[in-house]
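Asker: Would you be able to build a 3D model of this:
(chains A and B)
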Number of protein chains: 2
Amino acid sequence: MEKALFLAHEGARAGEVPIGALVLDEKGCLLSQAHNLVEKNHDASAHAEILALRDASRLLKTPRLTGCTLIVTLEPCIMCAASISHFRLHRLVYGAYDPKGGGVDHGPRLFQMAGCLHRPKEIISGFRETDSAHLLKQFFKAKR
Amino acid sequence: MEKALFLAHEGARAGEVPIGALVLDEKGCLLSQAHNLVEKNHDASAHAEILALRDASRLLKTPRLTGCTLIVTLEPCIMCAASISHFRLHRLVYGAYDPKGGGVDHGPRLFQMAGCLHRPKEIISGFRETDSAHLLKQFFKAKR
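Answerer: Numbers count the residues shown, from 1 in each chain, chains lettered A, B, ... in the order given. All right, here's what the predicted structure looks like:
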């Protein structure tokens, strides 16, 4: 999570919403890392999670990240939570809760929905929550 | 939709789940087109909708596709429906209904959820439903 927070900081410096994410393989080795690139890439789907998942998949040459872990500084939104299902992630660790935009422990609570195709075997929510939340608050305060 | 069905056919020939999508600007001019590329790109998020939305955004150099229309042969899944919100689409036209995996008229019915950040002003569901559904049925029948 330290590394994900560093990535989020880097994102903020680049004018992006400060969210950082990385994917580890089943042995804990780093496969990919990203921060949001929505503005730079002109791509509303360029959330840190999707970018990191995509890069890890390219590296492993499979669209299914069985056994892998996603670490991200903010609770994934509905789009990212659904993509976690599509990528068949094993474990999700996230920082700050997102009562407005989150899709894991808020909104539709995607992984608890009937008919959810795949849910991570383990979900750790609120890991270093305060640090992630602080970073986001500072960013939006400076924007105003 | 004729063009989207053609793209879906092309996808099937390439071994992808046959779903085609295109984005039109507010004047009805074609901005982008795609079929699923999940297998070829090793990317579980490479659904036709997301690929087409991303290309259209790159072309217009903005992550917000205000005024644009997405035409897709199948009801968007939750991930794609949420990305439609993020991209601020004006209109959605889709073909076959997807009671198992759809996120627009099934599952969480994303655009009807309280707190949905953006919903298309117009949604046309089931447009040339039979043709799209037939294509998918044939594809999965041949796979078995």
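Asker: Which parts of chain A are strands?
Answerer: All strands of chain A, identified by DSSP state E, fall at A:20-24, A:30-35, A:69-74, A:91-96, A:122-124.
Asker: I'd like those laid out as CSV, including mean neighbour count.
Answerer: For every residue, glycine as well, the C-beta is placed using N, CA and C. CSV is the format used below for the strands of chain A (neighbours: other C-beta atoms under 10 Å in any protein chain shown):
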stretch, mean neighbour count
strand A:20-24, 27
strand A:30-35, 21
strand A:69-74, 28
strand A:91-96, 24
strand A:122-124, 13
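Asker: To residue B:111, which of those strands lies closest?
Answerer: When the strands of chain A are compared by C-beta to C-beta, strand A:69-74 sits nearest residue B:111, at 22.8 Å.
Asker: residue contacts, the closest residue to residue A:72 other than its chain neighbours?
Answerer: Among residues not flanking residue A:72 along the chain, residue A:21 sits closest, at 4.0 Å (C-beta to C-beta, 6 or more residues apart in numbering or on different chains). Residues in contact with residue A:21 (C-beta atoms under 8 Å, 6 or more residues apart in numbering or on different chains) are A:4, A:7, A:33-35, A:47-49, A:51-52, A:70-73.
Asker: wait, which of the residues you listed is closest to chain B?
Answerer: Distance to chain B, by C-beta to the nearest C-beta, is smallest for residue A:47 among these, at 8.2 Å.
Asker: hmm, back to that, may I see the strands of chain A arranged in CSV, with mean pLDDT and distance to residue B:61 as well?
Answerer: Output for the strands of chain A, formatted as CSV (pLDDT from 0 to 100; distance: least, C-beta to C-beta, whole Å):
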stretch, mean pLDDT, distance to residue B:61
strand A:20-24, 97, 25
strand A:30-35, 97, 20
strand A:69-74, 97, 26
strand A:91-96, 97, 31
strand A:122-124, 97, 37
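Asker: Kindly reformat those strands as TSV containing distance to residue B:143.
Answerer: Converted to TSV, the strands of chain A look like this (distance: least, C-beta to C-beta, whole Å):
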stretch	distance to residue B:143
strand A:20-24	29
strand A:30-35	29
strand A:69-74	29
strand A:91-96	30
strand A:122-124	32
